[in-house]
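Asker: Pasting the sequence and the predicted model now:
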Amino acid sequence: MNPFRQLLLRAGRTPPLGTWLLSGSTLLAEAAGYAGFDFGIIDMEHGPLDMAEAVQLLQAVASTRMVPMLRVPWNDTVAIKRVLDAGATTLVVPFVQSAAQAAAAVAATRYPPQGVRGMVGMSRASRFGTQADYLVSANRGIALVVQIETEAAVAELPAIAAVDGVDAIFVGPADLSASMGLTGQLRHPRVIEAMVEIARRCRAIGKPVGSVGSDLEVLAQYRAAGYDFLAIDSDLGLFMQGAQQAISALRGRDGEHVHRIDGGTREA
């Protein structure tokens, strides 16, 4: 079974927690896997990654328990084909606005006759040709998560979720807030209300739903609303937050650095 599907099945009442792998650093990705995250989303939409770097990130997390997910740059058949050949098995497709777009994403992840994915005999996905049944078994092993990021997409949620082959929905709260005319206001009551309503509708449909955030209080609200998997910020976001907190804690009241010298302090 696909590792992401397994993760959701064994989660029980505790939603799996992940993070966004935005930096492109293989070391940070590997460290995130050992830190205890359940999943990590390799980002080719906004992250500075080419195909070779995406492969290196997949390799970096392979020795950890963290399930890799890969967000493609766009809902594009060629982009999807290439990351599948590179060994990604769970894809996140951004900005899906309709059932037709969701169906196109599904088709891009499947070999014929179920889809339009092009075949290749030698790839990392088939363990370089050593997995003899790969071409006939691959369709069953791919998981697809589609992102809804606008009010228009939310209106189409039942139709998008009903597409055969869509395993889960992922809500992008930042883009959703922008589409509501509330750019970046993730704590705004209207945005929170929309996020809660999306979770309610996904539960009614029976489709797992996830989201992301850097504000732990907001993430707690998502969890209480019934989100099935949640990403905590990104590797870069967590680094910057920790770095800024440490710097702030070691500054004096006037904003200057405080250094330890011979057991005492002095303003530098």
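Answerer: Yep, it's here.

Asker: Now do the buried residues in stretch 72-80.
Answerer: Residues of stretch 72-80 classed as buried by neighbour count (16 or more other C-beta atoms under 10 Å): 72-73, 75, 77, 79-80. Quick note: C-beta positions are derived from backbone N, CA and C, even for glycine.

Asker: in this protein, which spans are helices?
Answerer: Along the chain, the stretches classed as helices by DSSP state H are 3-9, 26-35, 51-61, 77-85, 99-108, 134-141, 151-155, 157-161, 173-179, 189-205, 216-225, 235-249.

Asker: Between helix 134-141 and the fourth one, find me the angle.
Answerer: I take that to be helix 77-85. Per axes from the mean of the first three to the mean of the last three C-alpha atoms, to 10 degrees, the angle that helix 77-85 makes with helix 134-141 is 100 degrees.

Asker: Tell me the helices and strands packed up against helix 77-85.
Answerer: helix 51-61, strand 90-93, helix 99-108 (3 or more C-beta pairs under 8 Å, 6 or more residues apart in numbering; DSSP states H and E).

Asker: ok, now the first one?
Answerer: Contacting helix 3-9 under the criterion 3+ C-beta pairs under 8 Å, 6+ apart are the following elements: strand 67-71, strand 143-148.

Asker: do you know which of these lies nearest residue 25?
Answerer: strand 67-71 (14.4 Å; C-beta to C-beta).

Asker: Now the helices and strands packed on helix 3-9 in TSV, please, with extra columns for distance to residue 130.
Answerer: As requested, these are arranged in TSV below (distance: least, C-beta to C-beta, whole Å):
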stretch	distance to residue 130
strand 67-71	20
strand 143-148	23
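
Asker: Of the ones you listed, which is nearest residue 232?
Answerer: Nearest to residue 232, of all those, is strand 67-71, at 14.2 Å by C-beta to C-beta.

Asker: Just send the helices and strands packed on helix 77-85 back as TSV, with distance to residue 133, mean pLDDT and mean neighbour count too.
Answerer: What follows is those, written out as TSV (distance: least, C-beta to C-beta, whole Å; pLDDT from 0 to 100; neighbours: other C-beta atoms under 10 Å):
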stretch	distance to residue 133	mean pLDDT	mean neighbour count
helix 51-61	21	98	18
strand 90-93	20	98	25
helix 99-108	21	98	20
